[in-house]
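1. all I have is the shape, not the residue letters:
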Ligand SMILES: [Zn+2]
(Lines give C-alpha, C1' and ligand atoms only; values in the text may rest on other atoms or scores of the structure.)
Protein backbone atom coordinates (compact mmCIF):
# COMPACT_ATOMS: atom_id res chain seq x y z
CA UNK A 1 0.00 0.00 0.00
CA UNK A 2 1.46 3.40 -0.94
CA UNK A 3 2.52 5.24 2.22
CA UNK A 4 5.35 7.69 2.87
CA UNK A 5 7.97 4.92 2.82
CA UNK A 6 6.74 3.63 -0.56
CA UNK A 7 6.91 7.11 -2.05
CA UNK A 8 10.39 7.82 -0.68
CA UNK A 9 11.67 4.57 -2.18
CA UNK A 10 9.96 5.30 -5.48
CA UNK A 11 11.52 8.77 -5.70
CA UNK A 12 14.95 7.29 -4.98
CA UNK A 13 14.52 4.63 -7.68
CA UNK A 14 13.45 7.19 -10.27
CA UNK A 15 16.30 9.49 -9.27
CA UNK A 16 18.92 6.70 -9.43
CA UNK A 17 17.72 5.29 -12.73
CA UNK A 18 16.73 8.35 -14.71
CA UNK A 19 18.46 11.36 -13.13
CA UNK A 20 20.05 13.25 -16.05
CA UNK A 21 18.19 11.26 -18.74
CA UNK A 22 16.48 12.89 -21.70
CA UNK A 23 12.83 12.12 -22.52
CA UNK A 24 12.79 10.81 -26.09
CA UNK A 25 9.05 10.20 -26.28
CA UNK A 26 6.09 11.17 -24.09
CA UNK A 27 2.56 9.74 -24.11
CA UNK A 28 0.06 11.42 -21.81
CA UNK A 29 -3.23 9.54 -21.77
CA UNK A 30 -4.74 11.30 -18.77
CA UNK A 31 -7.07 13.93 -20.32
CA UNK A 32 -5.86 16.54 -17.82
CA UNK A 33 -2.36 16.13 -19.26
CA UNK A 34 -3.35 15.77 -22.91
CA UNK A 35 -1.66 19.02 -23.87
CA UNK A 36 1.57 18.36 -21.97
CA UNK A 37 4.63 17.22 -23.92
CA UNK A 38 7.84 16.52 -22.03
CA UNK A 39 9.80 15.10 -24.96
CA UNK A 40 13.25 16.64 -25.35
CA UNK A 41 13.31 17.59 -21.67
CA UNK A 42 15.92 16.28 -19.27
CA UNK A 43 14.70 14.57 -16.08
CA UNK A 44 16.77 16.24 -13.37
CA UNK A 45 15.54 14.31 -10.34
CA UNK A 46 12.67 13.04 -8.24
CA UNK A 47 11.58 13.73 -4.69
CA UNK A 48 8.75 12.81 -2.36
CA UNK A 49 6.96 14.58 0.45
CA UNK A 50 4.54 12.51 2.51
CA UNK A 51 2.54 10.58 -0.07
CA UNK A 52 3.27 13.03 -2.91
CA UNK A 53 5.80 12.41 -5.69
CA UNK A 54 7.51 15.09 -7.77
CA UNK A 55 9.48 14.23 -10.92
CA UNK A 56 11.43 17.30 -12.03
CA UNK A 57 12.51 18.40 -15.51
CA UNK A 58 15.07 20.89 -16.76
CA UNK A 59 12.46 23.35 -18.05
CA UNK A 60 11.36 24.12 -14.49
CA UNK A 61 8.32 21.87 -14.52
CA UNK A 62 7.46 18.94 -12.24
CA UNK A 63 5.16 15.98 -12.77
CA UNK A 64 3.22 15.66 -9.51
CA UNK A 65 1.50 12.41 -8.51
CA UNK A 66 -0.47 10.97 -5.60
CA UNK A 67 -1.11 7.23 -5.74
CA UNK A 68 -4.03 7.06 -3.27
CA UNK A 69 -4.96 3.38 -2.70
CA UNK A 70 -4.08 1.70 -5.97
CA UNK A 71 -1.85 3.79 -8.23
CA UNK A 72 1.71 2.76 -9.04
CA UNK A 73 4.74 3.62 -11.13
CA UNK A 74 6.73 1.14 -13.17
CA UNK A 75 10.40 2.09 -13.32
CA UNK A 76 12.60 0.75 -16.10
CA UNK A 77 10.91 -1.96 -18.10
CA UNK A 78 7.98 -1.38 -20.48
CA UNK A 79 4.68 -1.82 -18.67
CA UNK A 80 2.45 -4.80 -19.49
CA UNK A 81 -0.64 -3.03 -18.24
CA UNK A 82 -3.37 -2.25 -20.80
CA UNK A 83 -2.76 1.03 -22.60
CA UNK A 84 -5.75 2.77 -21.02
CA UNK A 85 -4.32 2.16 -17.55
CA UNK A 86 -0.99 3.75 -18.47
CA UNK A 87 -1.96 7.34 -17.76
CA UNK A 88 1.48 8.74 -18.44
CA UNK A 89 4.42 7.07 -20.13
CA UNK A 90 7.90 8.48 -20.65
CA UNK A 91 10.64 6.92 -22.79
CA UNK A 92 14.07 7.79 -21.39
CA UNK A 93 17.62 6.81 -22.24
CA UNK A 94 17.68 4.21 -19.43
CA UNK A 95 14.20 2.75 -19.88
CA UNK A 96 10.62 3.65 -19.42
CA UNK A 97 8.69 5.39 -16.64
CA UNK A 98 4.99 4.54 -16.55
CA UNK A 99 2.24 5.89 -14.27
CA UNK A 100 -0.31 3.08 -13.90
CA UNK A 101 -3.79 3.97 -12.66
CA UNK A 102 -2.42 7.00 -10.84
CA UNK A 103 -5.52 8.98 -9.79
CA UNK A 104 -3.81 12.33 -9.14
CA UNK A 105 -1.45 13.45 -11.86
CA UNK A 106 -0.63 17.00 -12.90
CA UNK A 107 2.20 19.19 -14.09
CA UNK A 108 3.20 22.31 -12.17
CA UNK A 109 6.15 24.66 -11.94
CA UNK A 110 8.86 23.17 -9.73
CA UNK A 111 8.91 26.49 -7.86
CA UNK A 112 5.23 25.93 -7.03
CA UNK A 113 5.62 22.46 -5.47
CA UNK A 114 5.24 24.19 -2.11
CA UNK A 115 1.58 24.91 -2.96
CA UNK A 116 1.07 21.15 -2.52
CA UNK A 117 3.34 20.64 0.49
CA UNK A 118 2.61 23.84 2.46
CA UNK A 119 -0.66 22.38 3.74
CA UNK A 120 0.96 19.14 4.90
CA UNK A 121 2.49 18.29 8.26
CA UNK A 122 6.18 17.33 8.66
CA UNK A 123 7.39 14.69 6.17
CA UNK A 124 7.98 11.43 8.05
CA UNK A 125 10.49 10.16 5.48
CA UNK A 126 12.36 13.42 4.88
CA UNK A 127 15.85 12.55 3.63
CA UNK A 128 17.52 15.30 5.68
CA UNK A 129 16.54 13.80 9.03
CA UNK A 130 13.63 12.55 11.08
CA UNK A 131 10.94 15.04 12.10
CA UNK A 132 10.64 15.85 15.80
CA UNK A 133 8.13 13.50 17.54
CA UNK A 134 7.39 16.17 20.17
CA UNK A 135 6.40 18.64 17.44
CA UNK A 136 4.21 16.01 15.76
CA UNK A 137 2.55 15.19 19.09
CA UNK A 138 1.72 18.89 19.56
CA UNK A 139 0.18 19.00 16.07
CA UNK A 140 -1.88 15.88 16.82
CA UNK A 141 -3.34 17.18 20.08
CA UNK A 142 -4.40 20.45 18.44
CA UNK A 143 -7.67 18.52 18.02
CA UNK A 144 -7.67 16.63 21.34
CA UNK A 145 -10.94 14.81 20.65
CA UNK A 146 -9.67 13.24 17.40
CA UNK A 147 -9.36 9.45 17.64
CA UNK A 148 -5.74 8.26 17.52
CA UNK A 149 -5.92 6.51 14.17
CA UNK A 150 -7.85 9.35 12.52
CA UNK A 151 -5.30 11.89 13.78
CA UNK A 152 -2.33 9.85 12.52
CA UNK A 153 -3.98 9.64 9.09
CA UNK A 154 -4.56 13.39 8.90
CA UNK A 155 -1.85 14.51 6.45
CA UNK A 156 -2.19 18.13 7.60
CA UNK A 157 -0.83 17.06 10.99
CA UNK A 158 1.85 14.63 9.85
CA UNK A 159 2.60 13.52 6.28
CA UNK A 160 3.20 9.92 5.28
CA UNK A 161 1.29 7.52 7.54
CA UNK A 162 -1.29 5.35 5.76
CA UNK A 163 -3.46 2.45 6.77
CA UNK A 164 -0.67 -0.01 7.62
CA UNK A 165 1.01 2.16 10.25
CA UNK A 166 -2.20 3.60 11.69
CA UNK A 167 -3.45 0.05 12.34
CA UNK A 168 -0.20 -1.38 13.66
CA UNK A 169 1.37 1.46 15.69
CA UNK A 170 -1.62 1.70 18.10
CA UNK A 171 -1.47 -2.10 18.47
CA UNK A 172 2.26 -2.06 19.18
CA UNK A 173 1.84 0.46 22.02
CA UNK A 174 -1.42 -1.07 23.30
CA UNK A 175 -3.70 1.94 22.77
CA UNK A 176 -7.17 1.75 21.20
CA UNK A 177 -7.36 3.34 17.73
CA UNK A 178 -10.48 5.16 19.00
CA UNK A 179 -8.76 6.73 22.05
CA UNK A 180 -8.84 10.56 21.81
CA UNK A 181 -5.29 11.82 21.18
CA UNK A 182 -5.68 14.41 23.94
CA UNK A 183 -6.17 11.58 26.47
CA UNK A 184 -2.97 9.64 25.73
CA UNK A 185 0.10 9.93 27.95
CA UNK A 186 3.39 9.27 26.20
CA UNK A 187 2.09 10.34 22.79
CA UNK A 188 5.58 11.49 21.70
CA UNK A 189 6.97 8.01 22.35
CA UNK A 190 4.12 6.48 20.35
CA UNK A 191 4.88 8.86 17.47
CA UNK A 192 8.62 8.15 17.70
CA UNK A 193 7.97 4.42 17.25
CA UNK A 194 5.88 5.11 14.14
CA UNK A 195 8.57 7.44 12.77
CA UNK A 196 11.31 4.86 13.41
CA UNK A 197 9.29 2.11 11.71
CA UNK A 198 8.33 4.03 8.57
CA UNK A 199 11.82 5.54 8.13
CA UNK A 200 13.48 2.15 8.52
CA UNK A 201 11.13 0.61 5.97
CA UNK A 202 11.74 3.54 3.61
CA UNK A 203 15.43 2.60 3.71
CA UNK A 204 15.24 -1.14 3.58
CA UNK A 205 12.13 -2.28 1.76
CA UNK A 206 9.09 -4.29 2.74
CA UNK A 207 6.50 -2.58 4.94
CA UNK A 208 7.32 -4.87 7.84
CA UNK A 209 6.06 -3.80 11.28
CA UNK A 210 6.90 -6.92 13.30
CA UNK A 211 10.65 -7.47 12.97
CA UNK A 212 9.94 -11.07 12.06
CA UNK A 213 10.49 -12.51 8.57
CA UNK A 214 12.16 -9.23 7.72
CA UNK A 215 12.19 -9.86 3.99
CA UNK A 216 8.37 -9.88 3.99
CA UNK A 217 5.70 -7.32 4.75
CA UNK A 218 4.69 -9.15 7.95
CA UNK A 219 2.32 -7.05 10.09
CA UNK A 220 0.64 -7.27 13.49
CA UNK A 221 -3.02 -6.56 12.80
CA UNK A 222 -3.30 -4.69 9.49
CA UNK A 223 -5.02 -7.08 7.11
CA UNK A 224 -5.30 -9.79 9.81
CA UNK A 225 -8.98 -10.28 9.08
CA UNK A 226 -10.54 -12.63 11.61
CA UNK A 227 -7.33 -14.22 12.86
CA UNK A 228 -6.76 -14.29 16.63
CA UNK A 229 -4.63 -11.59 18.24
CA UNK A 230 -0.97 -12.52 17.68
CA UNK A 231 -0.09 -11.45 21.24
CA UNK A 232 -2.96 -12.46 23.57
CA UNK A 233 -4.84 -14.92 21.36
CA UNK A 234 -8.10 -13.00 21.87
CA UNK A 235 -10.47 -12.11 19.10
CA UNK A 236 -9.48 -9.19 16.89
CA UNK A 237 -12.15 -6.69 15.92
CA UNK A 238 -12.56 -5.22 12.46
CA UNK A 239 -14.46 -2.24 11.10
CA UNK A 240 -14.78 -1.50 7.39
CA UNK A 241 -13.99 1.93 6.04
CA UNK A 242 -17.63 3.02 6.00
CA UNK A 243 -17.90 2.25 9.74
CA UNK A 244 -14.96 4.22 11.16
CA UNK A 245 -15.02 7.98 11.86
CA UNK A 246 -11.90 8.40 9.68
CA UNK A 247 -13.22 6.51 6.65
CA UNK A 248 -10.57 3.75 6.49
CA UNK A 249 -10.74 0.19 7.77
CA UNK A 250 -9.29 -0.75 11.15
CA UNK A 251 -8.34 -3.98 12.92
CA UNK A 252 -7.59 -3.92 16.64
CA UNK A 253 -7.46 -6.09 19.75
CA UNK A 254 -9.90 -4.87 22.43
CA UNK A 255 -7.95 -6.85 25.06
CA UNK A 256 -4.44 -5.53 24.24
CA UNK A 257 -5.43 -1.99 23.23
CA UNK A 258 -6.75 0.10 26.07
CA UNK A 259 -9.18 3.00 26.07
CA UNK A 260 -10.52 5.15 28.88
CA UNK A 261 -10.38 8.58 30.51
CA UNK A 262 -6.60 8.53 30.13
CA UNK A 263 -4.33 5.79 28.84
CA UNK A 264 -0.57 5.55 28.58
CA UNK A 265 1.25 4.42 25.43
CA UNK A 266 2.95 1.23 26.62
CA UNK A 267 6.50 1.69 25.38
CA UNK A 268 7.72 -1.38 27.24
CA UNK A 269 5.21 -3.50 25.29
CA UNK A 270 6.49 -1.83 22.10
CA UNK A 271 10.13 -2.60 22.95
CA UNK A 272 9.26 -6.25 23.45
CA UNK A 273 7.02 -6.65 20.42
CA UNK A 274 9.43 -5.13 17.93
CA UNK A 275 12.69 -6.03 19.68
CA UNK A 276 13.93 -7.70 16.50
CA UNK A 277 13.02 -4.84 14.15
CA UNK A 278 15.90 -2.71 12.83
CA UNK A 279 13.72 0.34 13.66
CA UNK A 280 14.89 -0.10 17.27
CA UNK A 281 18.39 0.94 16.12
CA UNK A 282 17.20 4.34 14.89
CA UNK A 283 18.36 7.20 17.09
CA UNK A 284 14.76 8.38 17.37
CA UNK A 285 13.52 5.09 18.87
CA UNK A 286 12.53 5.75 22.51
CA UNK A 287 15.08 4.38 25.02
CA UNK A 288 14.29 3.37 28.58
ZN1 LIG B 1 -4.52 -9.01 22.04
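-> Happy to help now that I have it. These numbers were taken from a predicted model, which means no experiment stands behind them. Residues are numbered from 1 along each chain as shown.
2. next, the buried residues of the helix or strand where residue 198 lies.
-> Using DSSP states H and E, residue 198 sits within helix 187-204. Across helix 187-204, burial judged by 16 or more other CB atoms under 10 Å covers 187-202. In short, each C-beta sits where N, CA and C put it, glycine included.
3. elements contacting that helix?
-> Applying 3 or more CB pairs under 8 Å, 6 or more residues apart in numbering; DSSP states H and E, one finds that helix 187-204 makes contact with helix 4-18, helix 133-140, helix 163-173, helix 267-273.
4. for the ion, find the nearest of the ones you listed.
-> Of all the helices and strands packed on helix 187-204, helix 163-173 sits nearest to the ion, with 8.0 Å by CB to the ion.
5. what's next to stretch 66-75, contact-wise?
-> Contacts to stretch 66-75, defined as CB atoms under 8 Å, 6 or more residues apart in numbering, come from residues 1-2, 6-7, 10, 13-14, 17-18, 51-53, 65, 81, 95-104.
6. the same query, at a cut-off of 6 Å, please.
-> 2, 10, 13-14, 17, 51-52, 98-104 (CB atoms under 6 Å, 6 or more residues apart in numbering).
7. show me which pair in the residues you listed is furthest apart.
-> 17 and 103 (23.6 Å; CB to CB).
8. the more surrounded of these two?
-> Just comparing residue 17 and residue 103: by other CB atoms under 10 Å the higher neighbour count belongs to residue 17, 17 against 14.
9. let me know the pLDDT of that one.
-> Among the per-residue scores, residue 17 holds a pLDDT of 98.
10. ok, now which ones touch it?
-> Going by CB under 6 Å, 6+ apart, residue 17 touches 75, 94.
11. who does the helix or strand containing residue 56 pair up with?
-> For residue 56, the element it lies in under DSSP H and E is strand 52-57. Here strand 52-57 has these sheet partners by DSSP bridges: strand 43-49 (antiparallel), strand 61-66 (antiparallel).
12. next, format the ones you listed as TSV and append distance to residue 144 and mean neighbour count.
-> Output for the strands paired with strand 52-57, formatted as TSV (distance: least, CB to CB, whole Å; neighbours: other CB atoms under 10 Å):
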stretch	distance to residue 144	mean neighbour count
strand 43-49	27	22
strand 61-66	29	21
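13. of these, which approaches residue 235 most closely?
-> When the strands paired with strand 52-57 are compared by CB to CB, strand 61-66 sits nearest residue 235, at 35.7 Å.
14. state the next helix or strand along the chain beyond that closest one.
-> Toward the C-terminus from strand 61-66 - assigned by DSSP H and E - lies strand 72-76.
15. pull up the pairing partners for that following strand, direction included.
-> The strands that strand 72-76 pairs with in its sheet are strand 95-100 (antiparallel) (by DSSP bridges).
16. tell me the angle the partner strand makes with helix 4-18.
-> 150 degrees (axes from the mean of the first three to the mean of the last three CA atoms, to 10 degrees).
17. give me the average confidence score over strand 95-100.
-> The predicted model assigns strand 95-100 a mean pLDDT of 98.
18. what's around residue 226, how many residues?
-> 9.
19. mind checking the SS state of it?
-> Of the three states, residue 226 takes coil according to DSSP: H, G, I helix; E, B strand; the rest coil.
20. before we move on, the earlier item: average model confidence for the helix holding residue 198?
-> Regarding helix 187-204, the rounded mean pLDDT is 97.
21. that one: how far from the chain's middle?
-> Taking CA atoms, centre = their mean, to the nearest Å, one finds helix 187-204 lying 11 Å from the centre of the chain it belongs to.
22. and the helix or strand following it, what's buried?
-> Heading C-terminal from helix 187-204, the first helix or strand you meet, by DSSP H and E, is strand 237-239. For strand 237-239, burial by neighbour count (16+ other CB under 10 Å) applies to residue 237.
23. packing partners for strand 237-239?
-> On a contact count with 3 or more CB pairs under 6 Å, 6 or more residues apart in numbering; DSSP states H and E, strand 237-239 meets strand 250-252.
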